[in-house]
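Novice: prediction below, plus the sequence it came from.
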There are 2 protein chains.
Amino acid sequence: MTDATHDPALRSWVESANGHPEFPIQNLPLGIFTPPGGGPARAGVAIGDFVLDISAAPVDEDMREAAAGGSLNAIFALGAEPRKALRARLSLLLTAGSPQRAELEPHLQAMADCALHLPARIGDYTDFYVGIHHATNIGKVFRPDNPLLPNYKHVPIGYHGRASSVRVSGTPVRRPKGQLKAPDADAPRFAPCERLDYELEMGVWIGPGTVLGDTVPVGEAEAHVAGYGLLNDWSARDIQAWEYQPLGPFLAKNFGSTVSPWVVTPEALEPFRIPQPPRPPGDPAPLPYLLDPQDQARGAFDVGLEVLILTAAMREKGMAPHRIALSNTRHMYWTVAQMVAHHASNGCDLNPGDLLGSGTISAPDPGGFGSLLESSRGGKEPVSLPSGESRRFLEDGDEIILRAHASRAGFASIGFGDCRAAVLPAN
Amino acid sequence: MTDATHDPALRSWVESANGHPEFPIQNLPLGIFTPPGGGPARAGVAIGDFVLDISAAPVDEDMREAAAGGSLNAIFALGAEPRKALRARLSLLLTAGSPQRAELEPHLQAMADCALHLPARIGDYTDFYVGIHHATNIGKVFRPDNPLLPNYKHVPIGYHGRASSVRVSGTPVRRPKGQLKAPDADAPRFAPCERLDYELEMGVWIGPGTVLGDTVPVGEAEAHVAGYGLLNDWSARDIQAWEYQPLGPFLAKNFGSTVSPWVVTPEALEPFRIPQPPRPPGDPAPLPYLLDPQDQARGAFDVGLEVLILTAAMREKGMAPHRIALSNTRHMYWTVAQMVAHHASNGCDLNPGDLLGSGTISAPDPGGFGSLLESSRGGKEPVSLPSGESRRFLEDGDEIILRAHASRAGFASIGFGDCRAAVLPAN
């Protein structure tokens, strides 16, 4: 349900927020930052080009206390009602003409001068695989005769990733070494990855958790979501191809994952909910534990997703990042509620600060493929860049930037903020 | 190197420790406990049938402080030298005739009256697959034509498990529900697991961690190990068979894992190190990053492993648990140092309190298979129990008990303590 906080006519006394492509007053995403003067990391809200320190704002005292910790875990744990109340309060405080402007201004910092941190202490990180076009494309590379496995349309496939190596946007990623084996080689060798790739994913931050043994009805699953962000699930395709059988990806993925610093709340995304796209004729219906009429009616998102690249040569020439993919969250075969309900369906506990990845979200057309493995068709067809360069896979110095924007007539557009990182050479 | 703390003639003034099958004064494993009177959880050392509160003992002040937290993470982070000094000190304090006996006695609690907790806050849990007989046996069930995949003898195969659902011995495990699909069924159904299984594993607790991007030479890898325990990686074989392609086990494993409460230090296991068993002729040599002469010379362990079962009917009849498998850690194809070096070989960071599982350690003979899937040959040949019952897979009320003991002429035998849990019916 949209409310006064979504009113597109709403303007902020923080002038840069008005018409801001990411952070107008209708967005109000949460993050963890250190102000330019230093001090402990704390929770803030992005407003235009600024960050407001929530721990110093005249908001509910429980919330102010939760905001003083160095992670959003405590705010996530509070759940939907306090989070909604915070949004309503911040919207009022930041609206043009607010009588609290003078009180707030000392706690407003230029975002460019702040250090932005990982939003949460991540207990567990689970990566799903709900981008069906990606699953089909990548399946063709690893299993040409059998791209989409028989379980795909029944099971929201997921696996556990590495929590410790998730880093916030801006932290470079070092090219991993690993065992590589060409299909025609007799034996593997240990060398720097030669097929380094990005993956365009939506991140889901878990809010109130569950107790081990409990399940979550799909109709109630979104109550456990605290917000959304962007996730780059860096992947070493050559390491992956050799190691992934029979237990799944391991060193091919756990050398680093990048998340955007801002957590866009479910409330901010409210205007951009759409019906879950109908399954193609012949596809099986989800099992009852994954099926809820309300979730089918508005469980998907219409959020545009972009991948941009900035190579070292482009940077040297002063060129802008070049967009290499344009996709949309509507290409998820399973909804977030289905991911959460499935995850808890065996009694596995979820905890505040857990991170779920959607899996790579590719559009059906080549212009919307969410990884180079897909765009270059397994490395066979290099992707051309305006700098005259081309890429089969990533090279050292390449920076990948993920972006997300949501727009709808009658509402202010909002963005997720950049999820970016550059590739460092192998050690 | 063994030292005075390993002297088999050493006796403790804690009488029950002398000749104790698990916790003689030569063992001194660490754990987290709450004394019978309540109060905060703290670190203790097992000595016979008792626990000594380390946070109240006359040990190094840094160590006493580290011991006052509710987990062993701080002690793990201190590393080998402080841990060795603690062992030497505790050995002296607990030796018969120690002048500190009167000072220590108030801080000694009957283990049976204490609550024993998870030893550490687990950041990430990684499960390996180094039991080659298990990998071969289970490969036969899932891939009859291709049991041991081509990467097995090159790569210490591992994958990320769920950290949040690891529980200490004694916590029951609830039978999960999940998607089950018989090979000849048209579609899956959602129902309680019908092929619930245990897995006999050694757990490895990580001590000092690493920095993201750094690697660990295999010759230095054991410096990152804080200790060892037992791990039951409960597995829902029917859920696993349907979900595991292409990204590995997920809901089949993450509904619960059980660890033993006591962390047996590398020092206590020193007398039980043996050469890594030679690879069968024709097997490839490990790649250089996994090969260290010292590790090959003494990187394995000679620790006997047992699985026992106590069914509800056996419990009712007053019967003792029945041993259904007898194995040994020497059946690991890769050493712990190789597991650690491989894990960090791509720069993935390790942190104090991380848990590594060895994977199921089966002996080559059927009497030493570490899971029911193997013992019952995929459920085809039920295992007979002395109660007149039989088991293809686990039934509600079954309790599984893992045990480990190390013995060698000229040294006192030590044990790991029970890793046990009973199966609760599905919700």
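Specialist: Perfect, I can see it now.
Novice: residues contacting stretch A:51-61, please?
Specialist: Applying C-beta atoms under 8 Å, 6 or more residues apart in numbering or on different chains, the external contacts of stretch A:51-61 come out as A:30-31, A:33, A:35, A:42-45, A:63-65, A:67-68, A:82, A:85-86, A:89-90, A:93-94, A:100, A:103-104, A:107-111, A:114. C-beta here means a position set from N, CA and C on the backbone, and glycine is covered the same way.
Novice: could you do stretch A:83-93 as well?
Specialist: Contacting residues not belonging to stretch A:83-93 are listed as A:3-5, A:10, A:25, A:28, A:45, A:52, A:54, A:57-60, A:63, A:75, A:98, A:100, A:104, A:207, A:226, A:265, A:267-268 [C-beta under 8 Å, 6+ apart].
Novice: which residue of chain A lies farthest from its centroid?
Specialist: With distances taken from the mean C-alpha point of chain A and given as C-alpha atoms, centre = their mean, the most distant residue is residue A:186, at 39.2 Å.
Novice: and the pLDDT at that one?
Specialist: The predicted local confidence for residue A:186 comes out at a pLDDT of 93.
Novice: surely it is within a strand?
Specialist: No - checked against DSSP: H, G, I helix; E, B strand; the rest coil, residue A:186 lies outside a strand; its state is coil.
Novice: distance of it relative to chain B?
Specialist: 9 Å (C-beta to the nearest C-beta, to the nearest Å).
Novice: swap in residue A:410?
Specialist: Distance from residue A:410 to chain B, counting by C-beta to the nearest C-beta: 40 Å.
Novice: what strand or helix carries the residue lying closest to that residue once chain neighbours are set aside?
Specialist: Of all residues beyond its chain neighbours, the one nearest residue A:410 is residue A:8 (6.6 Å), with distances taken as C-beta to C-beta, 6 or more residues apart in numbering or on different chains. Taking DSSP states H and E as the definition, residue A:8 sits outside all helices and strands.
Novice: and residue A:8, how close does it get to chain B?
Specialist: Look at residue A:8 and chain B: by C-beta to the nearest C-beta, they are 41 Å apart.
Novice: which ones are touching the residue of the stretch 101-250 of chain A found nearest chain B?
Specialist: Across the stretch 101-250 of chain A, no residue is closer to chain B than residue A:248, which sits at 2.4 Å (C-beta to the nearest C-beta). The neighbourhood of residue A:248, defined by C-beta under 8 Å, 6+ apart, consists of A:159, B:159, B:244, B:246-249.
Novice: pretty sure residue A:52 belongs to a strand, no?
Specialist: Yes - assessed with three-state DSSP, residue A:52 lies in a strand.
Novice: geometric centre of chain A: which residue is closest?
Specialist: With the centre of chain A defined as its mean C-alpha position, the nearest residue by C-alpha atoms, centre = their mean is residue A:230, 2.1 Å away.
Novice: leaving out sequence neighbours, find the closest residue to that one.
Specialist: Counting by C-beta to C-beta, 6+ apart, residue A:230 lies nearest to residue A:419, which is 3.7 Å off, once chain neighbours are set aside.
Novice: spit out the contact partners of the one you found.
Specialist: Under the criterion of C-beta under 8 Å, 6+ apart, the neighbours of residue A:419 are A:169, A:229-232, A:258-260, A:401-403.
Novice: one more pass at 7 Å, please.
Specialist: A:169, A:230-232, A:258-260, A:402 (C-beta atoms under 7 Å, 6 or more residues apart in numbering or on different chains).
Novice: helix or strand right after the longest helix seen in chain A?
Specialist: Among the segments of chain A that qualify as a helix by DSSP state H, the longest is helix A:80-94. Using DSSP H and E, the helix or strand that follows helix A:80-94 in sequence is helix A:101-104.
Novice: run through the helices of the stretch 151-300 of chain A in chain order.
Specialist: Listed in chain order, the helices of the stretch 151-300 of chain A (DSSP state H, counting those that start in this stretch) span residues A:237-243, A:266-269, A:293-298.
Novice: most tightly packed of those?
Specialist: Per residue and on average, the most neighbours among the helices of the stretch 151-300 of chain A fall to helix A:237-243, with a mean of 24 (mean count of other C-beta atoms under 10 Å in any protein chain shown).
Novice: list the contacts of the helix or strand of chain A with the lowest mean pLDDT.
Specialist: Among the secondary structure pieces of chain A, namely its helices and strands, helix A:132-142 has the lowest mean (mean pLDDT, DSSP states H and E), a mean of 89. In this structure, residues lying in contact with helix A:132-142 by C-beta under 7 Å, 6+ apart are A:129, A:146-148, A:152, A:241, A:331, A:333, A:359-364, A:369-371, A:373-374, A:378.
Novice: that one: how far from the chain's middle?
Specialist: Averaging C-alpha positions (C-alpha atoms, centre = their mean, to the nearest Å) puts helix A:132-142 20 Å from its chain's average.
Novice: may I see the buried residues of it?
Specialist: With burial defined by 16 or more other C-beta atoms under 10 Å in any protein chain shown, the residues of helix A:132-142 counted as buried are A:132-135, A:137-142.
Novice: what of stretch A:275-285?
Specialist: Taking 16+ other C-beta under 10 Å as the criterion, stretch A:275-285 shows residue A:276 as buried.
Novice: okay, how far is it across that stretch, tip to tip?
Specialist: Taking C-alpha to C-alpha, to the nearest Å, the span from the opening residue of stretch A:275-285 to its closing residue is 16 Å.
Novice: got it, and stretch A:392-404?
Specialist: This stretch, stretch A:392-404, spans 24 Å end to end (C-alpha to C-alpha).
Novice: how distant is it from the center of its chain?
Specialist: From the chain centre to the centre of stretch A:392-404 is a distance of 16 Å (C-alpha atoms, centre = their mean).
Novice: what about the nearest residue to the residue of the stretch 101-250 of chain A closest to chain B once chain neighbours are set aside, distance to residue B:159?
Specialist: Residue nearest to residue A:248 in three dimensions, not counting chain neighbours: residue B:248, with 2.4 Å by C-beta to C-beta, 6+ apart. As for residue B:248, its distance to residue B:159 is 5 Å (criterion: C-beta to C-beta, to the nearest Å).
Novice: between the two, which contacts overlap?
Specialist: Between them, residue B:248 and residue B:159 share the neighbouring residues A:247-248, with contact defined by C-beta under 7 Å, 6+ apart.
Novice: distance of the residue of the stretch 101-250 of chain A closest to chain B relative to residue B:124?
Specialist: To residue B:124, residue A:248 is 15 Å away according to C-beta to C-beta.
Novice: and chain A, what are its domains?
Specialist: Taking automatic domain parsing as the domain assignment, the ranges for chain A are A:4-117, A:125-424.
Novice: and for residue A:325, nearest residue in space, chain neighbours not counted?
Specialist: In space, residue A:325 comes closest to residue A:307 once its chain neighbours are excluded; the distance is 4.1 Å by C-beta to C-beta, 6+ apart.
Novice: in TSV, list the buried residues of helix A:132-142 along with distance to residue B:315.
Specialist: Written out in TSV, the entries for these read as follows (distance: C-beta to C-beta, whole Å):
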residue	distance to residue B:315
A:132	49
A:133	53
A:134	50
A:135	47
A:137	54
A:138	50
A:139	48
A:140	54
A:141	53
A:142	48
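Novice: element containing the one residue in the stretch 301-427 of chain A that gets nearest to chain B, please.
Specialist: When C-beta to the nearest C-beta is the measure, the stretch 301-427 of chain A has its nearest residue to chain B at residue A:346, with 3.6 Å between them. Using DSSP H and E, no element contains residue A:346; it sits outside every helix and strand.
Novice: if I pick it, what's in contact with it?
Specialist: Contact criterion C-beta under 7 Å, 6+ apart gives B:176-178, B:251, B:255 as the residues in contact with residue A:346.
Novice: run a quick neighbour tally on the nearest residue to it once chain neighbours are set aside.
Specialist: Of all residues not flanking residue A:346 in the chain, residue B:176 sits nearest, at 3.6 Å (C-beta to C-beta, 6+ apart). The local packing of residue B:176 (other C-beta atoms under 10 Å in any protein chain shown) involves 26 other residues.
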